[in-house]
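In: okay, sequence plus prediction incoming.
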Amino acid sequence: MPLDRRHFLHTGAAAVVALIGNDLTQATPARNEVRAGPHDGLPGFRAVPATLHDGITVPDGYEAKVLYPWGTPTGIAGAMPEGPPGAGQSAADQAVQAGMHHDGMHFFPLDAAGTRGLLVMNHEYTDDRLLHGQENQGEPAERVRKTLHAMGVSVIEVRRTATGWTQVLPSRYARRIHGDTPIRIAGPAAGTAAMRTTANPSGDTVLGTFANCAMGVTPWGTYLTCEENFHGYFGGPTAAAAQATPAQRRYRTVPGAQWNSHWRHNERFDLTRHPNEPHRFGWVVEIDPFDPDSVPVKRTALGRKAQESATCTLTRDGRVAVYMGDDAAFEYVYKFVSTDRVKPGTDAAARAANRHLLDDGTLYVARYDAGGRGAWIALTHGRAGLDAAAGFEDAAAVLIHARLAADVVGATAMDRPEWIAVHPQNGEVYLALSNNNQRGAPGQPPADAANPRALNLYGGILRWREDGGDAASTGFAWDHFVLAGDTALPASGARYPHADADLFGSPDGLHFDSAGLLWIQTDMSGPTIGKPPFAALGNNQLLCANPATGQIKRFLVGPTGCEVTGCVLTPDRRALFVNIQHPGERRDDRTGLPSSTWPDGGPPGRTPPRSATVVVRRTDGGIVGT
Ligand code: FEO
Ligand code: CA
Ligand code: CA
């Protein structure tokens, strides 16, 4: 048994005892429930095989229904343009329709029975050949606008009917927040010099959120959307790259490195003219889904990075802790702990009372030591070398350039930290590490205890237990829950926690349901799917794990070329919502057409593949996963 595993198991018993006295958990579980989590018979469905089928595969006794594909009206009264998505729709249309590339998502119940609710979801990026047509129709500045409108967040209302879940149209909650929506900037970096631009000299308001990947939910019932790969939208002439600062290089906001030509058609994306504009992206953004008139807020106290998740839990004394991954190779894992305590409740009064909680606290970064111990290191200005001499003029500089601050304090560079999920019964924290094929390459960091594979193709899930079972602790015990890959290939280095576990690669999304089952969503990159050494793993998928037994069963396989993400179950666990992102993203080598026609079907090329929210339920109405 590896040393980290031994240490993790050894500290388990003490943490269980500590958690029993924690009256902040929603319902204090009995001692044996804390220890066991879900019982041995779970998950209880018959697993589906790995497949390359261009459709959704679910277990016998389950059905999957498409609910909210790209281009669907969001449900804003008087603004519900319909029609085939793509070149025929204007930027204004796209601003009130489902965006592209659905990602993180949460279900907020609207009634006690859980038969009505709000689905709030991210739209991460766009496929411009589908959005604007193969011929790139439209005036360039209008195309930029349409691209910005196709990202951000959707708030839709859904309800359960006799025939399953449907979208409510129109709904007074329906809302699109996108790349041009005015957003307030709050916290220590707001208003500071590095946040000021020509368009916003006060440095406290920004147009838009985009590149929205994973998410979080606060204890007071607001949604956190995370700005991940914002850097690709900022650019400039390649000749200007020589003047890029170390910070710009580290954040990849370097002229010439852009993914598109936004900088030519909308000057705020031109790094040479507005170098501070990218400082206003890469944040966690708080949204009140119950108030469609509320202004979203970028919370700078949580630090700037390629923000993956922002997973909230409570400390023992009732403050909020937020776990965050920075998804790039050799980046870090962070934790924010608020200064003030959470006022209980999720109603409007509680949301107002907790409005400032994410603006004041301590940001930490994780160090994973050999032997299964780890430490949270505070990124506090004036301490641990984070001072003006090291290039950090003030607290804002530490937050805006959190990556550079984390370098100074000796954090552990990880294999692409993605989603983080907290076990609802025992407080253990699970982190998806996607892959890192640069690990151990010439000039790159070698394998280490927490990232044990050089040329890590498959990723895995690392977990930790905070000392004393308290999310405010600065020490923890960690181990690997799973090193993903194909166990039939000796070189894969895979290690599963159960002999019969189903195989997968590149875990990205993680979600714990209320019973303590862990739902794992994968994002193997399109060109690798179905090919050696990934052939046995099939298309991207959703698996269900029992952390107590190590059993992992494949629950759903997505269509060709998609990523599976955003999984969330209703509180009663009778419905599972999940996002199918970028089906058919990889073009067919021969025809140049998208490799999927999901969900609309028909001959290749006639209908565009569409990212979509899907609802899965048992045909007998039973509890999903049992
Ligand atoms: Fe957008 Fe790291 O996945
Ligand atoms: Ca992700
Ligand atoms: Ca991803």
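Out: Now that the structure is in, tell me what you want to look at. Ligands and ions are numbered 1, 2, ... in the order given.

In: can you name the element that comes right after the helix or strand of the chain with the lowest mean pLDDT?
Out: Of all the helices and strands that make up the chain, helix 31-36 has the lowest average by mean pLDDT, DSSP states H and E, namely a mean of 40. On the C-terminal side of helix 31-36, the closest following helix or strand by DSSP states H and E is strand 62-69.

In: buried ones in that next one?
Out: 62, 64, 66, 67, 68, 69 (16 or more other C-beta atoms under 10 Å). The C-beta positions use only the backbone N, C-alpha and C, and glycine is treated the same way.

In: also stretch 252-259?
Out: Applying a neighbour-count criterion of 16+ other C-beta under 10 Å, the buried positions in stretch 252-259 are 252, 253, 254, 255, 257, 258.

In: just those now: which is nearest ligand 1?
Out: residue 252 (14.0 Å; C-beta to the nearest ligand atom).

In: and residue 273, which of the three is it?
Out: coil (DSSP: H, G, I helix; E, B strand; the rest coil).

In: ok, it - how many residues close by?
Out: Applying the criterion other C-beta atoms under 10 Å, we find 13 residues in the vicinity of residue 273.

In: ok, it - contacts?
Out: The neighbours of residue 273, taking C-beta atoms under 8 Å, 6 or more residues apart in numbering as the test, are 236, 267.

In: again, only this time at 6 Å
Out: Under the criterion of C-beta atoms under 6 Å, 6 or more residues apart in numbering, the contact list for residue 273 reads residue 267.

In: where does this structure come near ligand 3, residue by residue?
Out: Residues of the chain found near ligand 3 (C-beta under 5 Å from the ion) are 508, 523.

In: please report phi then psi for the most far-flung residue of the chain relative to its centre.
Out: Within the chain, residue 389 marks the point farthest from the mean C-alpha position, 34.8 Å out by C-alpha atoms, centre = their mean. The phi/psi pair for residue 389 (degrees, to the nearest 10) reads phi -60, psi -30.

In: ditto for residue 488
Out: Here is the backbone geometry of residue 488 (degrees, to the nearest 10): phi -80, psi -10.

In: quick check: buried residues in the host helix or strand of residue 482?
Out: Secondary structure here is read from DSSP H and E; on that basis residue 482 sits in strand 475-483. In terms of neighbour count (16+ other C-beta under 10 Å), strand 475-483 has its buried residues at 476, 477, 478, 479, 480, 481, 482, 483.

In: then stretch 297-310?
Out: Neighbour count says stretch 297-310 has 297-310 buried, by 16+ other C-beta under 10 Å.

In: just stretch 606-625 next, same as before
Out: Of the residues in stretch 606-625, those buried by neighbour count under the rule 16+ other C-beta under 10 Å are 607-618, 623-625.

In: tell me which of those is nearest to ligand 1?
Out: Among the buried residues of stretch 606-625, and counting by C-beta to the nearest ligand atom, the member closest to ligand 1 is residue 611, at 12.6 Å.

In: surely residue 541 touches residue 553?
Out: No: counting by C-beta atoms under 6 Å, residue 541 stays clear of residue 553, with 10.6 Å between them.

In: comparing these two, which residue is more hemmed in?
Out: Relative neighbour count places residue 541 above the other of residue 541 and residue 553, with 26 against 22, counting by other C-beta under 10 Å.

In: which bits of the stretch 201-350 of the chain sit near ligand 1?
Out: Applying C-beta under 6 Å from any ligand atom, we find that the stretch 201-350 of the chain lies next to ligand 1 at 213, 228, 308, 327.

In: name the nearest of the residues you listed relative to residue 262.
Out: Within these, distances to residue 262 taken as C-beta to C-beta reach their minimum at residue 228, with 16.6 Å.

In: so how far is ligand 2 from the nearest residue to the closest one once chain neighbours are set aside?
Out: Taking C-beta to C-beta, 6 or more residues apart in numbering, and ignoring the residues beside it in sequence, residue 228 has residue 213 as its nearest neighbour in space, at 3.7 Å. Noted for residue 213: a distance of 5 Å to ligand 2, by C-beta to the ion, to the nearest Å.

In: I figured residue 213 hits residue 125, correct?
Out: No: Residue 213 is beyond contact range of residue 125, at 8.9 Å (criterion: C-beta under 6 Å).

In: the two: who's more crowded?
Out: Neighbours of residue 213 and residue 125, each counted by other C-beta under 10 Å, are more numerous for residue 213; the result is 28 against 24.

In: before we move on, back to that, run through the residues that contact the residue nearest to residue 228.
Out: Counted by C-beta under 6 Å, 6+ apart, residue 213 has contacts 103, 124, 226, 228, 308.

In: for the second one, report the pLDDT, please.
Out: Looking at residue 124, its pLDDT is 98.

In: make sure it is actually in contact with residue 103.
Out: Yes: taking C-beta under 6 Å as the contact criterion, residue 124 and residue 103 are neighbours in contact, 4.3 Å apart.

In: may I ask which of the buried residues of stretch 606-625 comes out lowest in pLDDT?
Out: residue 607 (90).

In: looks to me like it is in a strand.
Out: No: checked against three-state DSSP, residue 607 lies outside a strand; its state is coil.

In: give me the secondary structure label for the closest residue to it other than its chain neighbours.
Out: The spatially closest residue to residue 607, leaving aside those adjacent along the chain, is residue 600, at 4.0 Å (C-beta to C-beta, 6+ apart). Local secondary structure at residue 600 is given as coil here, using three-state DSSP.

In: count the neighbours of residue 600 for me.
Out: 15.

In: before we move on, what about the one 5 residues further on?
Out: The burial metric for residue 605, expressed as a neighbour count using other C-beta under 10 Å, is 13.

In: do you know the pLDDT at the closest residue to it other than its chain neighbours?
Out: Across the structure, with C-beta to C-beta, 6+ apart as the measure, the residue nearest residue 605 apart from its sequence neighbours is residue 593 (4.4 Å). At residue 593 the predicted local distance difference test score is 93.

In: setting aside sequence neighbours, what's the nearest residue to residue 319?
Out: residue 338 (4.7 Å).

In: list the contacts of the one you found.
Out: 319, 320, 357, 361.

In: number of residues surrounding the second one?
Out: A count of nearby residues for residue 320, using other C-beta under 10 Å, gives 22.

In: before we move on, which element is it in?
Out: Following DSSP H and E, the helix or strand that holds residue 320 is strand 319-326.

In: and residue 400, what are its phi and psi?
Out: In this entry, residue 400 is assigned phi and psi values of phi -70, psi -30 (degrees, to the nearest 10).

In: before we move on, what about residue 408?
Out: Torsion angles, degrees, to the nearest 10, at residue 408: phi -60, psi -40.

In: let the chain start at 152 from now.
Out: Yes, from this point I'll number from 152; that puts the last item at residue 559.

In: tell me how far the closest residue to it other than its chain neighbours lies from residue 401.
Out: Among residues not flanking residue 559 along the chain, residue 536 sits closest, at 5.0 Å (C-beta to C-beta, 6+ apart). Distance from residue 536 to residue 401, counting by C-beta to C-beta, to the nearest Å: 17 Å.

In: picking up where we left off before, just the buried residues of stretch 448-461: which are in strands?
Out: Of the buried residues of stretch 448-461, the ones assigned to strands by DSSP state E are 448, 449, 450, 458, 459, 460, 461.

In: low-confidence ranges, the stretch 652-777 of the chain, go.
Out: Along the stretch 652-777 of the chain, no part satisfies pLDDT under 70.

In: report the central residue of the chain.
Out: Residue closest to the average C-alpha location in the chain (C-alpha atoms, centre = their mean): residue 365, at 1.6 Å.

In: what about whichever residue of the chain sits closest to ligand 3, distance to residue 584?
Out: Closest approach between the chain and ligand 3, counting by C-beta to the ion: residue 674, at 4.0 Å. From residue 674 over to residue 584 the distance is 12 Å, taken as C-beta to C-beta.

In: nothing else from me, thank you.
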